[in-house]
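> What follows is a protein structure lacking sequence information:
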């Protein structure tokens, strides 16, 4: 069959898993620990600037905090309360940049904040904050894609507010303030896009590759020992710099700095102390439901002083997040019953049950997810909601009162958020260049479009795809793949026409069976969660059909050499972890 994609910028992109034994044969500029959005962005920035990069992720790429967001690219309106104008301006600048370098992954999203007559002071503060938010985002319309331009804030009357969300009906409802941020349509695939682009410039990537120790010589970190958890083999991979981008596991990496026997003249090298001994983490849990329909995002200011969001996403509504201290181990974290109850109770306290056909219960939850956010500068007794989402770069080559140990060549990234990941990565590379007095070639990641996002004008690209595939697929399927795969959309759609059952529809908004094969064959997926939650979105809209689960397991079993018992165990664990409401 002749190619159906001849008119496309059709760049078949296969992520290649690095051979750790081969990586051990050379010396790298950077070894990155962690393959979430922070590690992915640093890999992209460093590779774009000509540095040699090896990245190791102990589980799957983006499988922890990066996959558990509210699916937004935003400026952080609530940080204005703390007068963190610099952080908000940085976030708004990066919001605009992401709209240019990843245009298909973002979409303007209107937010609606209801105002009630009895809250005069709060209403005034909200309106003042909106004027300031608009002022700090003065360049928000200066984006390449006309469809990604954001409007200024406005006000909706009571009737207009209820047209958007009828369940806000309340005797005290006065009006609603509206503003715009971006929906981050598929954070998992955006993380993948950063990784794909990094690999395009020479970065070597390996998921399921656990860093087990730091290689120390005198007072310097010279590399890492990595275990390939798929094969069990370990190797030492050496580098000039090791960048600790492990997210909520940052402090665990630092504990690999064992105290060696030293002579009196040596600089101290030891285990992190003080603030590093009790890392601060915040738990964020979200629920997905069809019971509370929203046409725009709705933000409720709660009685406790925090906020509750209702976000439209793929025909469902995301509710959340929770934001409270988490003191357990990050390993095998799952949302707790208490966290789910907290969200259900908060919804039922702030929405009259008769407006949504009865109180929200566990039976109404289609899917739930949660993650841990590493927070910089939080004491255990603090309220995470009030804490900044700033990030910190810690160069362990200099001893301070807070850091009484020295480990030259080790840099840790603490805190941060998805929106500012590109800017954070730029700062990391700039710091390394200054420290080593490197003259790096000019590399402007703020204008460099990510690999699968080089679509030109979005509307024209979508229309061209419709012309090519419109006779074979419904429009929602075409829109889904243009949004989530960009220039790779044609590869998936064409595969669906070439394979038996490939065009079979799996989700209400148009995902097809061929996507499963595509991601398994080209995107380093090794588990059911990799395929159904992080490469595709099939598992986000509720428990996949048994036939889908077995099809994926059958494909994976050939790669992983699973027995029949292994396959059954994989299905059971996947359902238990993701589709059992605590």
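Arrived safely. The structure presented is a predicted model; accordingly, all values stated were derived computationally and were not measured.
> drop to CA atoms for contacts and neighbour counts, all remaining ones
Fine.
> List the residue ranges of the stretch 401-550 of the chain that fall below the pLDDT cut-off.
401-404 (pLDDT under 70).
> switch the cut-off to 80
Where the stretch 401-550 of the chain drops to pLDDT under 80, the residues are 401-405, 416, 442.
> the strands in it, which residues?
Taking DSSP state E, counting those that start in this stretch, the strands of the stretch 401-550 of the chain run over residues 410-415.
> Do a quick rundown of the helices in it.
With DSSP state H, counting those that start in this stretch as the criterion, the stretch 401-550 of the chain has helices at 421-435, 458-469, 475-485, 489-498, 514-522, 528-529, 546-560.
> For those, give me JSON lines that also has distance to residue 393.
Listed next are the helices of the stretch 401-550 of the chain as JSON lines, based on distance: least, Cα to Cα, whole Å:
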{"stretch": "helix 421-435", "distance to residue 393": "7"}
{"stretch": "helix 458-469", "distance to residue 393": "36"}
{"stretch": "helix 475-485", "distance to residue 393": "31"}
{"stretch": "helix 489-498", "distance to residue 393": "37"}
{"stretch": "helix 514-522", "distance to residue 393": "34"}
{"stretch": "helix 528-529", "distance to residue 393": "31"}
{"stretch": "helix 546-560", "distance to residue 393": "38"}
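> Out of these, flag the one nearest residue 330.
Residue 330 lies closest, by Cα to Cα, to one member of those: helix 528-529, at 17.9 Å.
> would a markdown table of the helices of the stretch 401-550 of the chain with distance to residue 111 and mean neighbour count be doable?
Formatted as a markdown table, these follow (distance: least, Cα to Cα, whole Å; neighbours: other Cα atoms under 10 Å):
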| stretch | distance to residue 111 | mean neighbour count |
| --- | --- | --- |
| helix 421-435 | 23 | 18 |
| helix 458-469 | 23 | 17 |
| helix 475-485 | 21 | 20 |
| helix 489-498 | 29 | 22 |
| helix 514-522 | 32 | 20 |
| helix 528-529 | 31 | 20 |
| helix 546-560 | 35 | 16 |
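> Can you measure across stretch 522-535, start residue to end residue?
Between the opening and closing residues of stretch 522-535 lies a distance of 10 Å (Cα to Cα, to the nearest Å).
> ok, and what's touching it?
13-17, 60, 62-63, 67, 188-189, 207, 516, 519-520, 538-540, 549, 552-553, 556, 559-560, 570-571, 574 (Cα atoms under 8 Å, 6 or more residues apart in numbering).
> With stretch 556-573 instead?
520, 526-528, 549-550, 553-554.
> Distance to residue 29 for the residues you listed - can I get that in CSV?
Shown next, in CSV, are those (distance: Cα to Cα, whole Å):
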residue, distance to residue 29
520, 30
526, 28
527, 31
528, 34
549, 41
550, 43
553, 38
554, 40
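> Among those residues, which one sits closest to residue 427?
residue 526 (32.7 Å).
> ok, back up a step: can you tell me which of the helices of the stretch 401-550 of the chain is nearest to residue 120?
helix 421-435 (36.9 Å).
> helices or strands up against the closest one?
In this structure, helix 421-435 packs against helix 37-48, with contacts taken as 3 or more Cα pairs under 8 Å, 6 or more residues apart in numbering; DSSP states H and E.
> Please name every helix or strand in contact with the next helix or strand along the chain from the helix it packs on.
Per DSSP states H and E, the first helix or strand lying C-terminal to helix 37-48 is strand 53-56. With contacts taken as 3+ Cα pairs under 8 Å, 6+ apart, strand 53-56 sits against strand 27-33, helix 37-48, strand 204-206, strand 209-217.
> repeat that for 6 Å
When contacts are defined as 3 or more Cα pairs under 6 Å, 6 or more residues apart in numbering; DSSP states H and E, strand 53-56 sits against strand 27-33, strand 204-206.
> Comparing those strands, which stretch has the densest surroundings?
Comparing the helices and strands packed on strand 53-56 by mean neighbour count (mean count of other Cα atoms under 10 Å), strand 204-206 ranks first with a mean of 25.
> For that strand, which outside residues touch it?
Residues outside strand 204-206 that contact it (Cα atoms under 6 Å, 6 or more residues apart in numbering) are 17-18, 54-56.
> how does it look with 10 Å?
Applying Cα atoms under 10 Å, 6 or more residues apart in numbering, the contact partners of strand 204-206 are 15-20, 23, 31-32, 34-35, 40, 43, 47, 52-61, 195-196, 198-199, 228, 524.
> hmm, back to that, can you tell me which of the contacts of stretch 556-573 is closest to residue 347?
For these, the nearest to residue 347 is residue 528 (31.5 Å; Cα to Cα).
> Would you mind measuring from the closest one to residue 438?
For residue 528, the distance to residue 438 - Cα to Cα - is 43 Å.
> likewise residue 187?
From residue 187 across to residue 438, the span is 33 Å (Cα to Cα).
> Of those two, which one has the most company?
residue 187 (25 against 10; other Cα atoms under 10 Å).
> Need the per-residue pLDDT for that one.
The score at residue 187 is 97. That number is its pLDDT.
> what's near enough to touch residue 507?
314, 477, 513, 537-542, 544 are the contacts of residue 507 under Cα under 10 Å, 6+ apart.
> next one: residue 358
291, 348, 351-352.
> tell me which element it is part of?
Residue 358 belongs to no helix or strand, assigned by DSSP H and E.
> Which of the helices and strands packed on strand 53-56 sits closest to residue 582?
The minimum distance between residue 582 and these falls on strand 27-33, with 31.6 Å, by Cα to Cα.
> mind checking the SS state of the residue sitting nearest the centre point of the chain?
In the chain, the residue lying closest to the centroid (Cα atoms, centre = their mean) is residue 66, at 3.1 Å. Secondary structure state of residue 66, per DSSP: H, G, I helix; E, B strand; the rest coil, is helix.
> right, and it touches residue 416 too?
No - applying Cα atoms under 10 Å as the test, residue 66 and residue 416 come out as separate, 11.1 Å apart.
> tell me the contacts of the closest residue to residue 477 other than its chain neighbours?
Leaving out its chain neighbours, the residue that sits closest to residue 477 by Cα to Cα, 6 or more residues apart in numbering is residue 510, at 4.1 Å. If you count contacts by Cα under 10 Å, 6+ apart, residue 510 has them with 473-481, 503-504, 538.
> Same check on residue 151?
Counted by Cα under 10 Å, 6+ apart, residue 151 has contacts 108, 110, 134, 140-141, 178-181.
> Neighbour-wise, give me the winner out of these.
The most neighbours of any of those, using other Cα under 10 Å, belong to residue 181, which has 25 neighbours.
> And what about that one, helix, strand or coil?
Going by three-state DSSP: residue 181 is strand.
> So which helix or strand of the chain has the lowest pLDDT on average?
The helix or strand of the chain with the poorest confidence is strand 324-326; it has a mean of 83 (mean pLDDT, DSSP states H and E).
> buried ones in the helix or strand that comes right after that strand?
Remark: after strand 324-326, the chain's next helix or strand is helix 337-350, criterion DSSP H and E. Going by neighbour count (16 or more other Cα atoms under 10 Å), the buried part of helix 337-350 is 339-340, 343-344, 346-347.
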